[in-house]
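Visitor: would you be able to build a 3D model of this:
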Amino acid sequence: MRKVCYPAVVVSCFALLAVACGSGQPAADAQAAAETGAAEAPHAGAPPQPVESPGPPLETPDPRPLRLLGPLVVPDTTEATMWLGRVDAIAYDPAADHLLVLDPQGRAVHEVTQAGRLVRSYGGKQGAGPGELRFAHDFGWSPSRVAIFATTNGKLVLFHRDNGRFASEFRTEAHHRDVALLGEDRVVFVPGAPGHAFDVYSIDGALIASRGDAAALGSLCDDPGCSRRTHCPHCEVVTLGDSLIVVAEMDRTRLVVFDTTGAQRAVLHFERDSELVRGWREEDGQNMTRPQAQGELLVMESKHYFLDISALPGGWLGIAVTPSGPVFRQAGREYWRVHPLERRIERFHYGGGTIGYKASSGAVVFAVDSEDGGIYRYAFPE
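Guide: Numbering: from 1, shown residues only. Coordinates of the predicted model:
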């Protein structure tokens, strides 16, 4: 989970998620306000919920234990790992059998083998010039490119996968919060322009279309005077192949699958349709309380069960999950594999409280330990 605090919105997390919330995003958004002039105070009001009838029950089996295989890489433990500052996101490329790691401190994405050997780095230069970044909040990838996105100023920088060299860059709207590459020639951003769930750009930075109904996604405020930055503020996006776009509402434990025309293909609302997650919410309280105005700020408290999401082969998603407080303290975090079109869910757990707040998988699970910042390999149960 990324703690997102907008210029006019403060979001706090329950104490048990303090580690996962510490991403430095408040300062970044304050910088965004200064650069874009977009910081208008929202008006207080209950967050609207999309109107939808209950779907088929989401069956969540009991979690099975993962088996530790050992560390992939732990920062600063040897001279060979000094290149890694802090892991903020990871993704697995099954074709190359490599892991891609976002290092916001180094403003770079690193590509490593399963043996922990650095293949190459993308980015890493600080500044405002071509190929340079002052921030690195998100990234997307394809077989030929890596894209690093700075949400503070909407700057997207693309690099060639084969040699790590700078390819191109462009800027987008200030309301975009996450990015994914769609095929080899398109880029998807969420949330979309007003009234839309997502925006599709060409790889050269031209807006192709804004698609998907924004009413399918949540908002912190339904007053017309609200800033656009309050729409889908905790959304993340991944693409499945070159035809499906998955928008994950991390604060609502909800997945919405669109095709490239913007038509909805599936909605998985875990807090509504999963008895397990409903029970977690009952243990932890409401997902999002009514926003309360405190001066120019809109303050609310939120608990996120979904912390991180990644695309996996075969139409699957990998999701890092933190259960309710009592379960988390007893058994630690979980890793789920979810097939959104088939509504299939597989659950696994680590058995440790500090592992798994960021995770992805191939034949094994790659999970980040919040205590030492290392990436560890776990075997699926047979």
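
Visitor: mind listing the strands for the stretch 151-300 of the chain?
Guide: Ranges of strands in the stretch 151-300 of the chain, per DSSP state E, counting those that start in this stretch, are 155-160, 166-171, 178-182, 186-190, 196-202, 207-213, 235-240, 244-249, 254-259, 264-269, 292-294, 297-302.

Visitor: nearest to residue 276, of those?
Guide: In terms of Cβ to Cβ, the element of the strands of the stretch 151-300 of the chain nearest to residue 276 is strand 264-269, at 13.0 Å. For glycine as for every other residue, the C-beta is placed from the backbone atoms N, C-alpha and C.

Visitor: list the buried ones in the closest one?
Guide: Neighbour counts over strand 264-269 (16 or more other Cβ atoms under 10 Å) mark 266-269 as buried.

Visitor: one more: stretch 113-133?
Guide: 114, 116, 120-124, 131-133.

Visitor: kindly indicate which of the residues you listed lies nearest residue 107.
Guide: residue 133 (4.4 Å).

Visitor: what distance do you get for the closest one to residue 165?
Guide: Distance, residue 133 to residue 165, using Cβ to Cβ, to the nearest Å: 15 Å.

Visitor: could you give the bridge partners of residue 306?
Guide: residue 321 (DSSP bridges).

Visitor: identify the residues contacting the spatially most central residue of the chain.
Guide: Nearest to the mean C-alpha position of the chain, counting by Cα atoms, centre = their mean, stands residue 236 at 4.3 Å. Residues counted as contacts of residue 236 (Cβ atoms under 8 Å, 6 or more residues apart in numbering) are 177-178, 190, 247-248, 250, 308-309.

Visitor: any weak-confidence spans in this protein?
Guide: Within the chain, the stretches with pLDDT under 70 are 1-54, 78-82, 174, 219-230, 286-293, 296-302.

Visitor: so where do the helices sit in it?
Guide: Per DSSP state H, the chain carries helices over the ranges 18-21, 25-36, 270-273, 275-284, 325-331.

Visitor: burial of residue 344, as a residue count?
Guide: Neighbourhood size, residue 344 [other Cβ atoms under 10 Å]: 14.

Visitor: for it, give me its contacts.
Guide: Neighbouring residues of residue 344 by Cβ under 8 Å, 6+ apart: residue 338.

Visitor: nearest residue to residue 69 other than its sequence neighbours?
Guide: Residue nearest to residue 69 in three dimensions, not counting chain neighbours: residue 377, with 4.2 Å by Cβ to Cβ, 6 or more residues apart in numbering.

Visitor: neighbours around the one you found, how many?
Guide: Neighbour number of residue 377 under other Cβ under 10 Å is 20.

Visitor: start the count at 18, not 1, going forward
Guide: I'll keep to 18 as the first residue from here, and by that count the last item is residue 394.

Visitor: that one pairs with what?
Guide: With DSSP bridges as the rule, residue 394 is bridged to residue 87, residue 383.

Visitor: hang on, it packs against residue 383?
Guide: Yes. If you go by Cβ atoms under 8 Å, residue 394 and residue 383 touch, sitting 6.2 Å apart.

Visitor: next, show the common contact partners of these two.
Guide: Common neighbours of residue 394 and residue 383 (Cβ under 8 Å, 6+ apart) are residue 89.

Visitor: hang on, the earlier thing: can you put the buried residues of stretch 130-150 in TSV and add distance to residue 86?
Guide: Below are these laid out as TSV (distance: Cβ to Cβ, whole Å):
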residue	distance to residue 86
131	10
133	12
137	24
138	25
139	27
140	29
141	29
148	36
149	37
150	33
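
Visitor: just those residues now: which is nearest residue 249?
Guide: residue 150 (24.1 Å).

Visitor: the closest residue in space to the closest one that isn't next to it in sequence: how many residues sit nearby?
Guide: Nearest residue to residue 150, sequence neighbours excluded (Cβ to Cβ, 6+ apart): residue 124, at 4.4 Å. Using other Cβ under 10 Å, residue 124 has 23 neighbouring residues.
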